[in-house]
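Participant: turn this into a structure:
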Amino acid sequence: MGKQLQGQVALVTGSSTGIGAAVARALAEAGAAVIINYHSDKSKGDAEEILEEIKSAGGDGFVHQCDISKEEEVLNMFSAILSRYGTLDIAVTNAGIQQDAPFLEMTLEQWNAVIGTNLTGQFLCAREAAKEFKRRGVDGSRSKAAGKIICMSSVHEVIPWAGHVNYAASKGGVKLLMQSMAQELAPYKIRVNSLAPGAIKTRINKDAWDTPEDEKKLLELIPYGRIGAPEDIAKAAVWLASDESDYVTGTTLFIDGGMTLYPGFADNG
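Facilitator: Now for the predicted structure:
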């Protein structure tokens, strides 16, 4: 991977583990300084390990604790970024959670927790990033765009998911949040896109793939015949953050091995 992001600064929320950690590593490998956001003290050690990996490979960055569902904490995080680097070029709004329950048993607390992180958190971080991108404008020595926002969505922005209505609703919301932001921000040369992972081997969905029986059942939903890795998402994030994708905005890139092709209809239904 080249240094197509050399000299740029990237924020990756929820980047102490899983997809976020892979994205942080990949952006750093491409030359960006990376802010590794983590939610709480129990994730601090993981975040510091990612930073150490990045620095050992010659990269730069810092870790910052922030609950992205809380506006004051988001504002403090952006203040720390601007104090350290002066500006920001890339915001990957990756942080997300699941709190699953049957619809009739789901509590308001479970609903609010997921919507707060997965949707409101993306809104808050994207808003603050866009303010900085508009303030600075295009700096051709950095990028053709004034800034790049990459929202983390899911195949469940289009696939209903019984038993997970809060999660599916949050990702459906991300779809139109991203598209509406892209429409509004394009005149400022701010690009906004989404990545929509399918089944990826991370902690959040370990119970879906951690035994041969579970994996076999999951593979029935994936025409390409394998479960994805966090690095599959990370490579796409680098592309969307780079000038290689300068004419791409308002798009969801599905990285799902064909899950959204509705494989149940492969044999004529």
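Participant: identify the residues contacting the most centrally placed residue in the chain.
Facilitator: Geometric centre of the chain, nearest residue: Asn94, 2.6 Å, by Cα atoms, centre = their mean. Residues near Asn94 by Cβ atoms under 8 Å, 6 or more residues apart in numbering: 12-15, 19-20, 23, 152. All C-beta atoms are positioned from the backbone trio N, CA, C, and that covers glycine.
Participant: now those residues in JSON lines, with distance to Ser194?
Facilitator: Output for the contacts of Asn94, formatted as JSON lines (distance: Cβ to Cβ, whole Å):
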{"residue": "Val12", "distance to Ser194": "15"}
{"residue": "Thr13", "distance to Ser194": "14"}
{"residue": "Gly14", "distance to Ser194": "15"}
{"residue": "Ser15", "distance to Ser194": "17"}
{"residue": "Ile19", "distance to Ser194": "13"}
{"residue": "Gly20", "distance to Ser194": "15"}
{"residue": "Val23", "distance to Ser194": "13"}
{"residue": "Met152", "distance to Ser194": "7"}
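Participant: let's see which of the residues you listed end up in strands.
Facilitator: Using DSSP state E, the members of those that fall in strands are 12, 152.
Participant: buried subset of the contacts of Asn94?
Facilitator: Among those, those classed as buried by 16 or more other Cβ atoms under 10 Å are 12-15, 19-20, 23, 152.
Participant: nearest to Leu221, of the residues you listed?
Facilitator: Proximity of those to Leu221 (Cβ to Cβ) peaks at Ile19, which lies at 18.6 Å.
Participant: surely the closest one touches Lys201?
Facilitator: No. If you go by Cβ atoms under 8 Å, Ile19 and Lys201 don't touch, sitting 10.0 Å apart.
Participant: which residues are in contact with each of those two?
Facilitator: By Cβ under 8 Å, 6+ apart, the residues touching both Ile19 and Lys201 are Pro230.
Participant: residues near the closest residue to Ile159 other than its chain neighbours, how many?
Facilitator: Nearest residue to Ile159 in three dimensions, chain neighbours excluded: Thr260, at 6.6 Å (Cβ to Cβ, 6 or more residues apart in numbering). Thr260 has 17 neighbours, counted by other Cβ atoms under 10 Å.
Participant: circling back to that earlier point, quick one, grab the pLDDT at the residue nearest to the centre of the chain.
Facilitator: What the model reports for Asn94 is a pLDDT of 98.
Participant: my read is Ile35 is in a helix, agree?
Facilitator: No. The assignment for Ile35 (DSSP: H, G, I helix; E, B strand; the rest coil) gives strand, which keeps it out of a helix.
Participant: and Trp161, helix, strand or coil?
Facilitator: What three-state DSSP gives for Trp161 is coil.
Participant: hang on, it packs against Ala168?
Facilitator: Yes. Using Cβ under 8 Å, Trp161 is in contact with Ala168, at 4.4 Å.
Participant: what sits opposite Met152 in the beta ladder?
Facilitator: On the basis of DSSP bridges, Met152 is bridged to Leu195.
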